[in-house]
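# Okay, here's the prediction I keep looking at, along with the sequence it came from:
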Amino acid sequence: EPSPFLSGDALSRAPPLREQTLVLVKPDAVQRRLVGDVIGRFERRGFKLVAMKLLQADRSLLDRHYQHLQQKPFYPALLAYMTSGPLVAMVWEGYNVVRSTRAMVGDTDSAQAAAGTIRGDLSMHVSRNVVHASDSVETASREIGFWFQQNELVAWESGDSQYTYG
Ligand code: ADP
């Protein structure tokens, strides 16, 4: 794996970094036909899609995914929301993808989310905030394991790497 501290010529000669993150397009966004908008933002940014599926999440999967929130007063409502219809789970790959994706998603509280972010553009309330994105590289690796089998991740080379990474 190349160093994350490569820059300039060294970066241009290195293969693109393999950092990955989990993005969920939540049930409100599927109902509102926003799946394509969300995917388009990651494609235009230059990230590489390496896994994607539409599924109905069940409680045991969400209990694992949201383990850190199970004691929160809003957890039952969060479960009801996340099981209310199908969602789209995706894995995106690329340089600093975890941090970049969090910036693209915006603040958890939609009212605080900056315009231009997914939540700032497409959502009005914390309880219907359109997307999930992993908050660290460690969390991402764990979360990808909750939602995908290893053989559902597709390793492929995109032809535009030298233009995407400069
Ligand atoms: P994020 O999704 O931005 O990483 P958290 O991990 O804190 O944020 O929360 C997970 C999800 O739980 C949020 O995206 C949102 O769907 C829901 N949530 C968080 N806080 C609230 C709240 N106060 N009321 C309702 N739902 C909430």
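Alright, I've got the coordinates.
# now the residue positioned nearest the centre of the chain, which residues is it bridged with?
Centroid check for the chain by C-alpha atoms, centre = their mean gives Val23 as the closest residue, at 2.0 Å. Beta-bridge partners for Val23, by DSSP bridges, are Met90, Ala133.
# contacting residues for it?
Contact analysis of Val23 by C-beta atoms under 8 Å, 6 or more residues apart in numbering lists 38, 42, 89-92, 101, 131-134. Any C-beta I mention is one placed from the backbone N, CA and C, and that applies to glycine too.
# Can you narrow those down to the ones near the ligand?
His132 (C-beta under 6 Å from any ligand atom).
# The residue in the chain that the ligand sits nearest to: how many residues sit nearby?
For the chain, the residue closest to the ligand is Thr108, as judged by C-beta to the nearest ligand atom, at 3.3 Å. Using other C-beta atoms under 10 Å, Thr108 has 11 other residues around it.
# For it, which non-adjacent residue is spatially closest?
Using C-beta to C-beta, 6 or more residues apart in numbering and skipping residues adjacent in sequence, the residue nearest Thr108 is Val126, 6.1 Å away.
# where exactly do the strands run in the chain?
20-25, 48-55, 87-93, 131-133 (DSSP state E).
# could the contacts of Val23 go into JSON lines alongside neighbour count and pLDDT?
Shown next, in JSON lines, are those (neighbours: other C-beta atoms under 10 Å; pLDDT from 0 to 100):
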{"residue": "Val38", "neighbour count": "23", "pLDDT": "98"}
{"residue": "Phe42", "neighbour count": "22", "pLDDT": "98"}
{"residue": "Ala89", "neighbour count": "23", "pLDDT": "99"}
{"residue": "Met90", "neighbour count": "23", "pLDDT": "98"}
{"residue": "Val91", "neighbour count": "25", "pLDDT": "98"}
{"residue": "Trp92", "neighbour count": "26", "pLDDT": "98"}
{"residue": "Thr101", "neighbour count": "25", "pLDDT": "98"}
{"residue": "Val131", "neighbour count": "25", "pLDDT": "98"}
{"residue": "His132", "neighbour count": "18", "pLDDT": "98"}
{"residue": "Ala133", "neighbour count": "24", "pLDDT": "98"}
{"residue": "Ser134", "neighbour count": "23", "pLDDT": "98"}
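# picking up where we left off before, I'd like to know how far the residue nearest to the centre of the chain sits from Pro73.
Applying C-beta to C-beta, to the nearest Å, the value for Val23 to Pro73 is 26 Å.
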